[in-house]
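**Q** Model the following, please.
(chains A and B)
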Number of protein chains: 2
Amino acid sequence: MISVTILGNNSALPAYGRNPTSQYIQTEKDCFLIDCGEGTQLQLTKYKLKRSKISHIFISHLHGDHYFGLIGLLTSMSLLGRTQELHLHGHAMLEKIIQIQMEASESELSYPLYFHPLPSEGRIAETESCVISCFPVKHKIPCHGFLFVEKKNLRKIIPEKVKSFGVPDAFLEELKKGKDYIHPKGTIVSNDELTFSGDIPLKYAFCADTLYHEGLVSYIKGVDLLYYETTYLKDQNERAEKHNHSTTQQAGLMATKAGVKKLLIGHFSSKYENLEPFLTETQAIFSDTILAIEGSCIKV
Amino acid sequence: MISVTILGNNSALPAYGRNPTSQYIQTEKDCFLIDCGEGTQLQLTKYKLKRSKISHIFISHLHGDHYFGLIGLLTSMSLLGRTQELHLHGHAMLEKIIQIQMEASESELSYPLYFHPLPSEGRIAETESCVISCFPVKHKIPCHGFLFVEKKNLRKIIPEKVKSFGVPDAFLEELKKGKDYIHPKGTIVSNDELTFSGDIPLKYAFCADTLYHEGLVSYIKGVDLLYYETTYLKDQNERAEKHNHSTTQQAGLMATKAGVKKLLIGHFSSKYENLEPFLTETQAIFSDTILAIEGSCIKV
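**A** Next up, the predicted model:
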């Protein structure tokens, strides 16, 4: 299970009640935050999402609409007495930005904050339920996308087989992990006879602000859900290129080329009040598209 | 004329829909901002206050609930194409905090931003309509209060006298500034004969987060409106002292000792949902007290 709750879907300027980028990710056992625009802590409260459960925060890049709410969230967690560790992943300068603001307030966080500078690409975190990696996208400044892959699920037990081979209850957890059963008489019962494969691991890819470029395909191929930015409608191709962003048409094309299952679009320019044309234009290229509407929760 | 619009009235943590500290100050000719907690740019939009008109921003101290919204406001002004200069007054470290975030985004503001580190006390800015000075308050980290004094108003013309002495229209502006009139025949007509004194200049004092201490009285004596913090109710005296804040009772006492005309209280702790006891307790000491309710505009 992976679910994505949209906390903000707008580009640079807040407009029409829309907030800057942030997404709350829930897996079987973990909660993560991607990006943290100004006001994200209020959005978490509004949508009743527990900030205390977040173990990792991933910041795609250092344009303000993707991180100006971070320092407020980190210090509020401290004021609320958080003690469990928090992992922050972002550009190396982010650590300095947090540090200087903590110094200025002559205070310390109540919990251990571990900062992890993002590599160009590759695995950046692993939790009980999920492996997270990053990949480069093309923007004006260094910018990363993130890929969340559920860990291979445990195998499912076939109760009647387990009974007929007399496997003791104490060994069931080992069976789920794929171990063969060795009978007290020495016979080996292959795990395949006693279990069947669990679900296929789900994949969610978050492409932050980026120019359209097909080099991205290799990182996001076949994911179950792709978030891809559509700052502009398709008639603004030149503008998108000038500002290192993408259009609806490009989002649809990217989803098609990468063979993803579902496409989620957001990061709408503040020049648009009505978002319906974003959906219509993208669906014309890739039909299984949805809008990143604030407060909505998309189950992957 | 001085008016104060409350954009945020809460202490450290946003709570019960209340936002962190910020006030929009309007005089005859100028607009200022005092403090800029997270979300202030959205509050300006909500209350239809033009950010483009702000010429000076005053930051009392570097606890996040007083400035985490500043970088977002500054960059939004730039995205909206501001060209007129902006003056920022605060602790010297604030300049570094802004700089490092501008560097990280590899961008520049569209307008000249002049940073003015706050002196311990004294005059910090003068505009067409107002003189602003700062003074030290007692908090955990360096923290300032601000005093806004309207400039002495122009003198008012006595029309019948102006007519009888034959003062030409072209000289009326000089008369308002206090000049004597020299008749073409050489006679000097004293300004006092032709005009009378304008209104008495209004004064507004903003006391940021502070312990109660009577040293403040000398800076705020007799002001028309005093904003003073009441983070806690009167039964939390020890807590207030521990956290370098004040109570309702102390706010009332300060207003009384300083002989101010009206008292405005705010910076309520997020542990309180109901604000009425703040008003009742303070009014028991100083009757002309009002609550800093978000969106309300207090005319001094």
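
**Q** Who is residue A:297 paired with across the strands?
**A** Beta bridges link residue A:297 to residue A:5, judged by DSSP bridges.

**Q** Can you give the contact residues for the lengthiest helix in chain A?
**A** For chain A, the helix with the greatest residue count under DSSP state H is helix A:92-104. By CB atoms under 8 Å, 6 or more residues apart in numbering or on different chains, the residues outside helix A:92-104 that reach it are A:59, A:62, A:67, A:70-71, A:74, A:88, A:108-109, A:113, A:115, A:117, B:62, B:64, B:91, B:93-94, B:96-97, B:100-101, B:103-104, B:141. Just so you know, the C-beta spots here come from the backbone N, C-alpha and C atoms, and that holds for glycine as well.

**Q** Could I have the PyMOL command that selects the buried members from those?
**A** A single PyMOL command is used to select the members of the contacts of helix A:92-104 judged buried by 16 or more other CB atoms under 10 Å in any protein chain shown:
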select buried, (chain A and resi 59+62+67+70+71+74+88+113) or (chain B and resi 62+64+91+93+94+97+100+101+104)
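
**Q** from memory residue A:177 sits against residue A:151, does it?
**A** No: using CB atoms under 8 Å as the test, residue A:177 is too far from residue A:151 to be in contact (11.7 Å).

**Q** and stretch A:66-75, how far out from the chain's middle?
**A** 17 Å (CA atoms, centre = their mean, to the nearest Å).

**Q** what about the stretch 201-300 of chain A, any weak spots by pLDDT?
**A** Within the stretch 201-300 of chain A, no range satisfies pLDDT under 70.

**Q** Show me where it has its helices.
**A** With helices called from DSSP state H, counting those that start in this stretch, the stretch 201-300 of chain A shows them at A:217-220, A:237-242, A:248-258, A:276-283.

**Q** Just put these in a markdown table and tack on distance to chain B.
**A** Output for the helices of the stretch 201-300 of chain A, formatted as a markdown table (distance: least, CB to the nearest CB, whole Å):
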| stretch | distance to chain B |
| --- | --- |
| helix A:217-220 | 24 |
| helix A:237-242 | 14 |
| helix A:248-258 | 22 |
| helix A:276-283 | 20 |
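
**Q** most packed of those helices?
**A** Here the criterion is mean neighbour count by mean count of other CB atoms under 10 Å in any protein chain shown, and of the helices of the stretch 201-300 of chain A the winner is helix A:248-258, at a mean of 22.

**Q** Looking at the stretch 101-250 of chain A, which residue is nearest chain B?
**A** Per CB to the nearest CB, residue A:104 is where the stretch 101-250 of chain A lies closest to chain B, at 4.0 Å.

**Q** Could you pull up the residues touching residue A:202?
**A** Residues in contact with residue A:202, defined by CB under 8 Å, 6+ apart, are A:1-2, A:149-150, A:224, A:300.

**Q** Neighbour-wise, give me the winner out of the residues you listed.
**A** residue A:2 (23 neighbours; other CB atoms under 10 Å in any protein chain shown).

**Q** Enumerate every residue touching the residue of chain A most remote from its centre.
**A** Largest separation from the mean C-alpha position in chain A: residue A:185, at 48.8 Å (CA atoms, centre = their mean). By CB under 8 Å, 6+ apart, the contact list for residue A:185 is empty.

**Q** the more surrounded of residue A:177 and residue A:151?
**A** residue A:151 (15 against 10).

**Q** Find me the pLDDT at the residue farthest from the centre of chain A, would you?
**A** If you check residue A:185, the pLDDT there is 86.
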